[in-house]
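Novice: Give the three-dimensional model of this entry:
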Amino acid sequence: MAETKYIFVTGGVVSSLGKGIISSSIGKLLQARGYNITIQKMDPYINIDPGTLNPYEHGECYVTVDGMETDLDLGHYERFTGIQTTRANSLTTGRIYKAVIDKERRGDYLGKTIQVVPHITDEIKRRIKLLGEKYHYDFVITEIGGTIGDIESAPFMEAIRQMKWELGRNACCVHLTYVPYLKAAGELKTKPTQHSVKELQSVGIQPDVLVLRTEKHLDDNIRKKVAAFCNVDFDCVVQSEDLPSIYEVPVNMQNQGLDTAILNKIGEPIGETPELGPWRKFLERRKKAKQEVHIGLVGKYDLQDAYKSIRESLSQAGTYNDHKTILHFVNSETITEENVAEKLKDMNGVVICPGFGQRGIEGKIVAAHYTRTHDIPTFGICLGMQMMVIEFARNVLGYSDANSREMDKITQHNVIDIMEEQKTITNMGGTMRLGAYECVLKQGSRVFDIYKQEFIQERHRHRYEFNNDFQQEYERNGMHCVGRNPESALVEIIEIPTLKWYIGTQFHPEYQSTVLKPHPLFVDFIKNAIENK
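Specialist: Numbers count the residues shown, from 1 in each chain. Have a look, this model is predicted:
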């Protein structure tokens, strides 16, 4: 393929239809055919990135290897396709406007009046094409957040309209809509889809492929009706029914001929349908796993998207241990010394979740104390690890005021502290240790046995660190610092080797766990949780 082809994924009727899963599935299917692909997300909100957004607003914040805080859909792209995304794969209206305003302030526009068209739309087009031009991908899949008709996504739609016009057959639009089932009438209704397509046509975009999200199976008559009303070929109307697992979507989309429809539209040869062998093996194993392992997630965000990557990593690790992972959210704000035994009594393992700020941390400390003294396999991630460290200082080292400088500015025993170079920071966005950092594992440690290598790279998103002044005391009393950054000597991993499985990581291993390459820490944690049943 000489030229890069561009696929735009838009959504209509309602949000949260799963554009990210459909984009990931398209990427997966094209990859299986031997194409080199990447996927990017355009978010129409004005935040520069989702790093400062409350997880209740937008789910978890995903971090790329180069330290960009991004939308959680990038996690799906990586888990499904195994690609590594970067800051170029994530864009917001805020970043587009900031780039244009910065250029205007520098005088780059030579005194011109700056307008949404052409200046903002040109910047959007430049960012979409950048990946194709720089890395020569065969396909760049661009997902537009929100739904058609939103005021804020108008400039993105205009940019797509122009690109479709300029690129001809090298661009294609996949529009995802919803077909509701009206129980009282006993009917599926296509009118919302027709309106959604009309709205898209009103901004000058004719969708090439329609993916209909539905809870009930759509017969050919409904698909024919949609094709006729929406000017779309019958074989380009694909249905995406609700499935037990998101990982079944690529196989379902292949069965529905989604990749074939796209290749037809773009004028690429169809060839043989790929097998998806390893993927199908994973699904088989998942279906066969009947035994359950119960994991408690101790955190403060009672929203499944808030810990999306952790949930998916635990679920994948369950499959690779031939078990079904059943996750139980335990709100750390409600955990006390009196009720912790009751709340964690049925758990085979416990994950102490990451987070920011004061709320809910005492409950995490109580949970860490309980699992440590009752030898329940425990995995602390980022703030979760810091709570394990604080708990150990309070109850084993005897420092009752031990805390993190984040929560207590004046504690004498700041076992978690801010680094010198971070102390002057006033700006919240993007000022943490972000992205992939090296870590050296201590030979003979538990984690060394798990990774089976000495040098690893993991992704970070935090501002506070283990205070090395206390390290020898910890080591003497049985909590070992077994992974550290080779340049700064910052502690990245702690473990208590005398317990079944008690490990905390300063980094976020969940960002590197994919369907076909599950993260070794999660796999080993679940294995030990199963043994603990």
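
Novice: give me the low-pLDDT residue ranges for the chain?
Specialist: Filtered on pLDDT under 70, the chain yields the residue ranges 1, 56, 419-431.

Novice: which residues does the residue positioned nearest the centre of it contact?
Specialist: In the chain, the residue lying closest to the centroid (Cα atoms, centre = their mean) is residue 75, at 2.8 Å. Going by Cβ atoms under 8 Å, 6 or more residues apart in numbering, residue 75 touches 60, 62, 308, 309, 312, 511. Placement of C-beta: from N, CA and C, glycine included.

Novice: export those to TSV and tack on secondary structure and neighbour count?
Specialist: Putting these into TSV (DSSP: H, G, I helix; E, B strand; the rest coil; neighbours: other Cβ atoms under 10 Å) gives the following:
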residue	secondary structure	neighbour count
60	coil	25
62	strand	27
308	helix	21
309	helix	26
312	helix	22
511	helix	25
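
Novice: Now the spatially most distant residue from the centre of the chain: phi and psi?
Specialist: Residue farthest from the centre of the chain, counting by Cα atoms, centre = their mean, is residue 111 at 41.4 Å. Taking degrees, to the nearest 10, you get phi 80, psi 10 for the backbone angles of residue 111.

Novice: again with residue 290
Specialist: Per-residue torsions, residue 290: phi -100, psi -30 (degrees, to the nearest 10).

Novice: Identify the residue spatially nearest to it, adjacent ones excluded.
Specialist: Setting aside the residues directly before and after it, residue 290 is nearest to residue 324 in space (Cβ to Cβ, 6 or more residues apart in numbering), at 6.9 Å.

Novice: now that neighbour, which residues is it bridged with?
Specialist: Note on residue 324: beta-bridge partners by DSSP bridges are residue 292.

Novice: That one: what's it in contact with?
Specialist: Applying Cβ under 8 Å, 6+ apart, we find residue 324 in contact with 289, 290, 291, 292, 293, 318.

Novice: Give me the neighbour count for the fourth one.
Specialist: It stands for residue 292. 14 (other Cβ atoms under 10 Å).

Novice: cool, the fifth one as well?
Specialist: A count of nearby residues for residue 293, using other Cβ under 10 Å, gives 24.

Novice: For the stretch 51-200 of the chain, just list every one of the helices.
Specialist: For the stretch 51-200 of the chain, applying DSSP state H, counting those that start in this stretch gives helices covering 55-58, 73-81, 93-106, 121-135, 154-167, 191-202.

Novice: quick one on the thing from earlier: any chance of the contacts of residue 75 in a markdown table with distance to residue 189 as columns?
Specialist: Formatted as a markdown table, the contacts of residue 75 follow (distance: Cβ to Cβ, whole Å):
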| residue | distance to residue 189 |
| --- | --- |
| 60 | 33 |
| 62 | 35 |
| 308 | 31 |
| 309 | 35 |
| 312 | 33 |
| 511 | 40 |
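
Novice: In three-state terms, label residue 338 for me.
Specialist: coil (DSSP: H, G, I helix; E, B strand; the rest coil).

Novice: For the closest residue to residue 453 other than its chain neighbours, give me its contacts.
Specialist: Spatial nearest neighbour of residue 453, excluding adjacent residues (Cβ to Cβ, 6+ apart): residue 441 at 7.3 Å. Residue 441 is in contact with 447, 448, 451, 453, 454, 455, 456, 482, 483, 493, counting by Cβ under 8 Å, 6+ apart.

Novice: gap between the residue farthest from the centre of the chain and residue 161?
Specialist: As judged by Cβ to Cβ, to the nearest Å, residue 111 and residue 161 stand 28 Å apart.

Novice: Secondary structure element holding residue 227?
Specialist: If you go by DSSP states H and E, residue 227 is part of helix 220-230.

Novice: what helices or strands is the helix or strand following that helix leaning on?
Specialist: Once helix 220-230 ends, the next helix or strand along the chain (criterion: DSSP H and E) is strand 237-241. Packing partners of strand 237-241 (3 or more Cβ pairs under 8 Å, 6 or more residues apart in numbering; DSSP states H and E): strand 209-214, helix 220-230, helix 249-255.

Novice: what comes up buried for strand 237-241?
Specialist: For strand 237-241, the neighbour count (16 or more other Cβ atoms under 10 Å) marks 237, 238, 239, 240 as buried.

Novice: tilt between that strand and helix 220-230?
Specialist: Relative orientation of strand 237-241 and helix 220-230, computed by axes from the mean of the first three to the mean of the last three Cα atoms, to 10 degrees: 130 degrees.

Novice: and strand 237-241, C-alpha only, in PDB?
Specialist: C-alpha atoms of strand 237-241 as PDB (Å, rounded to 0.1, in the frame of the first residue of the first chain):
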ATOM      1  CA  VAL A 237     -25.100  -2.300   7.300                       C
ATOM      2  CA  VAL A 238     -23.600  -4.400  10.100                       C
ATOM      3  CA  GLN A 239     -25.200  -5.200  13.400                       C
ATOM      4  CA  SER A 240     -23.400  -5.300  16.800                       C
ATOM      5  CA  GLU A 241     -25.500  -7.100  19.300                       C
END
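
Novice: the inter-axis angle of it versus strand 209-214?
Specialist: Going by the same axes, to 10 degrees, strand 237-241 makes 30 degrees with strand 209-214.

Novice: strands paired with strand 237-241, and their directions?
Specialist: strand 209-214 (parallel).

Novice: Please enumerate residues in contact with the strand it pairs with?
Specialist: So strand 209-214 is contacted by 17-18, 22, 172-179, 181, 188, 193, 197, 218, 223, 226-227, 230, 232, 236-242, 253, 258, 261-262, 265 (Cβ under 8 Å, 6+ apart).
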